[in-house]
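# Here's a sequence, model it:
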Amino acid sequence: MSDDLSPVEHIRQLFAQRQGATDEAILAELAALPVLPDESDPAWEDERTWYELADRFTALADIAAHRRLYAAIPLLLERASYGDPGEMMRGLRHCLEAIVNPEWHRLTDICMQMATASQAGARLWSLDELGILRDPGALPIVIGALDDVADEVRTVACRSLAAICQRDATSRAVAIQVLQQYLERHPHSTDQRAGQEALTKIESMI
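Residues are numbered from 1 along each chain as shown. This is a model prediction of the structure:
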């Protein structure tokens with residue numbers, strides 16, 4: 001590791017080092033990158049995880065955005081952390097959106113597919129993006145995620161459901177019904193809080 005480089009400087013360096021690489025080489029490097037550890041994983045206490053893995057992920061995401069590499073979107077989501085270590089993951093949306101702008105339906109389509117991926121981080125950040133895009137066509141996928149095995153995914157699904165209802169009034173009645181059922185099925189305090197917040201928000205729209 002180079003101790004004289006800040007994370008931002010290191011990411012810029014990695015970006016610059018790949019300026020001459022082909023799109024195929026960038027996609028291959030991204031495909032070979034391991035999935036980022038969960039936010040709760042002790043691996044994040046090791047500086048090498050940040051320097052050798054997180055910084056490279058961020059640099060490759062930036063390159064994908066710069067080159068508008070559509071094929072990079074599922075690869076990035078597949079490697080996304082379950083959680084938001086160091087608040088690094090929340091910035092991923094800007095790279096994904098830059099790749100497709102203004103063809104938002106293309107990102108919606110991929111996020112709908114990735115919302116049922118085996119990797120929890122992929123599901124988490126796909127559902128988060130669906131809440132930003134607010135396409136009512138994603139409603140069945142978001143409703144299905146309310147029963148995800150991962151608690152953070154369920155929380156984000158509640159939030160994204162309310163976001164879709166902000167744009168699409170026709171989704172509100174169904175959303176209210178499924179959230180009421182969700183609150184009956186999931187007694188944990190985290191689920192109750194997320195479900196009730198979404199329900200209250202949607203009811204206020206009517």
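
# what about dumping the CA coordinates of stretch 70-78 to CSV?
Only the C-alpha atoms of stretch 70-78 are listed here, as CSV (Å, rounded to 0.1, in the frame of the first residue of the first chain):
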residue,chain,number,x,y,z
TYR,A,70,-24.1,-1.1,-19.9
ALA,A,71,-22.7,-4.6,-19.3
ALA,A,72,-21.0,-3.4,-16.2
ILE,A,73,-24.3,-2.8,-14.3
PRO,A,74,-25.1,-6.4,-13.3
LEU,A,75,-21.4,-7.0,-12.5
LEU,A,76,-21.3,-4.0,-10.1
LEU,A,77,-24.6,-5.0,-8.4
GLU,A,78,-23.4,-8.6,-8.0
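
# what's next to it, contact-wise?
Identification of contacts with stretch 70-78 by C-beta atoms under 8 Å, 6 or more residues apart in numbering yields 26-27, 30-31, 35, 57, 60-61, 64, 92, 95-96, 99-100, 106-107, 110-111, 113-114, 117, 119, 121-122, 125-126. Backbone N, C-alpha and C define where each C-beta goes, glycine included.

# and the longest helix anywhere in the chain, what other elements does it pack with?
In terms of residue count, the longest helix belonging to the chain (DSSP state H) is helix 151-167. For helix 151-167, the elements it packs on are helix 120-133, helix 139-144, helix 172-185, helix 189-203, judged by 3 or more C-beta pairs under 8 Å, 6 or more residues apart in numbering; DSSP states H and E.

# any idea how far the closest residue to V174 other than its chain neighbours lies from A198?
The spatially closest residue to V174, leaving aside those adjacent along the chain, is L139, at 7.3 Å (C-beta to C-beta, 6 or more residues apart in numbering). L139 is 13 Å from A198, where distance means C-beta to C-beta, to the nearest Å.

# and for the two, which residues touch both?
The contact lists of L139 and A198 share L161, A175, where a contact means C-beta under 8 Å, 6+ apart.
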